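Enquirer: Give me a 3D structure for the following:
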Amino acid sequence: AAFDFNSIQQQTAGLTLSQPNARNNSISMRGVSVDPEAGVSSAVDVYWNDAIVRADVAFNQMYDLERIEILRGPQGTLQGRTSPGGAINMITKRASLDESSGYVQGSVSDNDGYNGQVAYGAALIPDTLGVRVAGVYDTNNATNVNNITTGFDDQEAKAYSGRLSTIWQPMETLQTELIYQYLKRTIDDPKAMSGTDALGGRPTLKPDDRKALGNSNDFGDLHFNLANLNTDWEVMNHQVTAIIAYQESTKTAQTENDRAYSLQYTDTQGPSFQDTQTKTDSMSYELRAASMDNDFWNYMVGLYYQDQNTSTTYEANAVRIDVAGLGYQVNGKLPVNSNNFAVFTFNTFDLTDTLRFEAGLRWTDYENYRRSDVYFGGLTWVPPAYEPFRDQIEKGFADNFPIEAVPEGNQSATENAVTGSAA
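Expert: Predicted coordinates for the structure are as follows:
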């Protein structure tokens, strides 16, 4: 079974999935990718049961799946967002109205790993109401990196998740599904180093030594909630689909900036790590109406709206080597809010039995807001010789803050875009 996205990457040409650290993930399809923290529209979108989710949410435990669809090329005239580089759609196993099914499975791996999964579904009211529950627990020693500076030698990655799926079909032409999932993941993430120290104070390391040198240990925690309400209704020879989706996530991480521990060659005792926390709330609404089985012209028209608010707070420690290793801290908050509204259509014309013409069109209105303010958080270490002047040094730093990293004129932006396709 595939437990994470790396397994999917190995089986799909042109798809690259990367995790540069414990808090960020990115997806690239055919060389097109976007950092999910950049606050811009993604070139490759990820759908979870037909609703948009962030890449950092998708890059986690996969279990009780029906299928994963890799959709190449622009998707903006068909669904959701524009997805110019393509899209990935994860479809979980749904509740059934007419049968019971389930399983219990466990797997072990050679990195002290264990993955346990369980799922069960049944019809509560045959042909009318069904429910399915599923869960997973996964633990392993991740990349098995030891930190020879801090003595950390017990790396662990752990995740658990649960999902509830329901289906209600009050009549043959109307069906509603509610799907909710929760996940919590923690991971120790010390960064392995390799190379030779010309000063002779650090050991020569090869990549397969899996040794970290930083004076602190990186880690990342993530928890999220996803909920989708999907409704399909056949009415007046049309298929009407409505999708309401909510996602909420919190990511907390610590990152050591001096990974090679070069500060050991100075007299400073100031720390050099950064703490971050990113919270995201998103609501999206999609409504589509498609004609059914017309002989010549079949069409689909849709509306889409998404409101996403992201807030990142951080505390960053730094050292002034030019001032005898003086340590100080800055902190800040970065809100990145965006919403977009779109109208789209896709049309198919069967000109003959062997000739078909397809055309799509999309109009999107974007509104984005971002701000970044940096504040002085105080001194973290003062050399003994400078201690009598601590107050003056602190005031000298404080007088340069706050810093408005994004000028007021660049904080808000709006634009409209029209895209289309014909074949």
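
Enquirer: any idea which helix is longest in the chain?
Expert: Criterion DSSP state H: the longest helix present in the chain is helix 390-398.

Enquirer: Just the buried residues of that one, please?
Expert: Neighbour-count burial for helix 390-398 flags 393, 397 (criterion: 16 or more other Cβ atoms under 10 Å). C-beta coordinates here come from the backbone N, C-alpha and C atoms, glycine included.

Enquirer: what is the mean pLDDT for that helix?
Expert: Helix 390-398 shows a mean pLDDT of 95.

Enquirer: What pairs with whichever helix or strand comes after that helix, parallel or antiparallel?
Expert: Proceeding N to C from helix 390-398, the next assigned helix or strand is strand 403-404, under DSSP states H and E. Next to strand 403-404 in the sheet, as set by DSSP bridges, lie strand 373-381 (antiparallel).

Enquirer: what angle do the partner strand and helix 390-398 make?
Expert: 160 degrees (axes from the mean of the first three to the mean of the last three Cα atoms, to 10 degrees).

Enquirer: distance between strand 373-381 and the chain's centre?
Expert: 29 Å (Cα atoms, centre = their mean, to the nearest Å).

Enquirer: could you give me the average pLDDT of that strand?
Expert: Here the average pLDDT along strand 373-381 is 96.

Enquirer: Using neighbour counts, pick out the buried residues of that strand.
Expert: Quick answer for strand 373-381 (16+ other Cβ under 10 Å): 374, 376-377, 379-381.

Enquirer: Distance to Lys211 for these - can I get that in JSON lines?
Expert: Below are those laid out as JSON lines (distance: Cβ to Cβ, whole Å):
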{"residue": "Val374", "distance to Lys211": "34"}
{"residue": "Phe376", "distance to Lys211": "35"}
{"residue": "Gly377", "distance to Lys211": "31"}
{"residue": "Leu379", "distance to Lys211": "32"}
{"residue": "Thr380", "distance to Lys211": "27"}
{"residue": "Trp381", "distance to Lys211": "26"}
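
Enquirer: Show the average pLDDT along the strand or helix carrying Gly116.
Expert: With elements taken from DSSP H and E, the one containing Gly116 is strand 113-125. Averaging pLDDT along strand 113-125 gives 96.

Enquirer: cool, stretch 134-144 as well?
Expert: The model assigns stretch 134-144 a mean pLDDT of 94.

Enquirer: And stretch 275-293, by the same measure?
Expert: 95.

Enquirer: show me where this structure has helices.
Expert: Under DSSP H, the chain gives helices at 5-11, 55-58, 390-398.
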